[in-house]
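# Make a model of this:
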Amino acid sequence: MNHPAFFLMRHGETNSNKTGIWQCSIDEPLNLAGVNQSLDMSWTIRSIKPDIVISSDLRRAIETATIALGNGHTIILNENLRERRCGEIEGLNSSQIEEKFGFRMDSILSSELDKVPGAEKLADFEQRISGAIEDIISEYPDKRLLVVTHGGVIRMFYSKFVGQLPNRPVFKNCSILGLRAESGRWTVNENHNALL
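Here you go, the predicted structure:
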């Protein structure tokens, strides 16, 4: 599998991001900082020159894509690019989760989350994201793709297709990872504000 260019962008900041709330699948808009982050990344997006833009259908991702791209761009929505569903921990901070469920929530990829009522199993999340990305790549094999999505989605993709993540990777709000596939292997060839 070869692909010319594939960019993963995390959405801008929300109030939950700012206050340490695990929003997961809660459909929350950007806050003012998130709007400004999206505007700031518009120059980077112009340099990337994506042919196709695909976004999670959650509001914070759509707003990020719309603001960063400006007018005149079609954005394709894909519900399979949503963040992991976290069940009963959604809307809580890490201390509240530890008090209620007995574990420290430090990553959306935590297997502990499998025990939480209503949460999406980690294996199901991995399958959903892998399938979504593979479908997108297959549908647009020769296009420069920009996918606007969520931190957990990017972490899942990176850990499965690129390599082991550092102990505490940070895909900052509005950060972009540029990837290239050659001979079946993904490598990072651009990194805009992601702390890897």
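# hey, let's count contacts and neighbours off CA atoms from now on
Noted.
# who's in contact with Val148?
Leu8, Met9, Arg10, His11, Val53, Ile54, Ser55, Ser56, Ala61, Ile62, Thr64, Ala65 (C-alpha atoms under 8 Å, 6 or more residues apart in numbering).
# so what's it bridging to?
According to DSSP bridges, the residues that bridge with Val148 are Met9, Ser55.
# returning to that earlier point: reformat the contacts of Val148 as CSV; add neighbour count, pLDDT and distance to Leu122.
Shown next, in CSV, are these (neighbours: other C-alpha atoms under 10 Å; pLDDT from 0 to 100; distance: C-alpha to C-alpha, whole Å):
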residue, neighbour count, pLDDT, distance to Leu122
Leu8, 25, 96, 20
Met9, 29, 97, 21
Arg10, 26, 97, 20
His11, 31, 98, 21
Val53, 18, 97, 26
Ile54, 21, 98, 23
Ser55, 29, 98, 21
Ser56, 24, 98, 19
Ala61, 29, 98, 22
Ile62, 22, 98, 24
Thr64, 30, 98, 26
Ala65, 32, 97, 27
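# between those, which is nearest Asp114?
Taking C-alpha to C-alpha as the measure, Asp114 sits nearest to Ser56 out of the contacts of Val148, at 22.5 Å.
# how many other residues sit next to the residue lying closest to the closest one once chain neighbours are set aside?
Distances taken as C-alpha to C-alpha, 6 or more residues apart in numbering place Leu81 nearest to Ser56, at 4.7 Å, with adjacent residues excluded. Using other C-alpha atoms under 10 Å, Leu81 has 27 other residues around it.
# Can you give me the pLDDT of Leu81?
pLDDT recorded at Leu81 is 98.
# For the worst-scoring helix or strand of the chain on mean pLDDT, buried residues please.
The helix or strand of the chain with the poorest confidence is strand 185-195; it has a mean of 82 (mean pLDDT, DSSP states H and E). Residues of strand 185-195 classed as buried by neighbour count (16 or more other C-alpha atoms under 10 Å): Trp186, Thr187, Glu190, Ala194.
# helix/strand/coil for the residue of the chain most remote from its centre?
Of all residues in the chain, Glu99 has its C-alpha farthest from the mean position, at 27.5 Å, by C-alpha atoms, centre = their mean. Of the three states, Glu99 takes helix under DSSP: H, G, I helix; E, B strand; the rest coil.
# residue ranges with poor pLDDT in the protein?
1-2, 4, 164-169, 195-196 (pLDDT under 70).
# Tell me which stretches of it form strands.
3-10, 52-56, 75-78, 144-149, 170-182, 185-195 (DSSP state E).
# Looking at the contacts of Val148, which is nearest Ser138?
When these are compared for distance to Ser138 (C-alpha to C-alpha), Ile54 wins out at 13.7 Å.
# before we move on, the earlier item: now the least confident helix or strand of the chain against strand 170-182, angle please.
Orientation check (axes from the mean of the first three to the mean of the last three C-alpha atoms, to 10 degrees): strand 185-195 against strand 170-182 gives 160 degrees.
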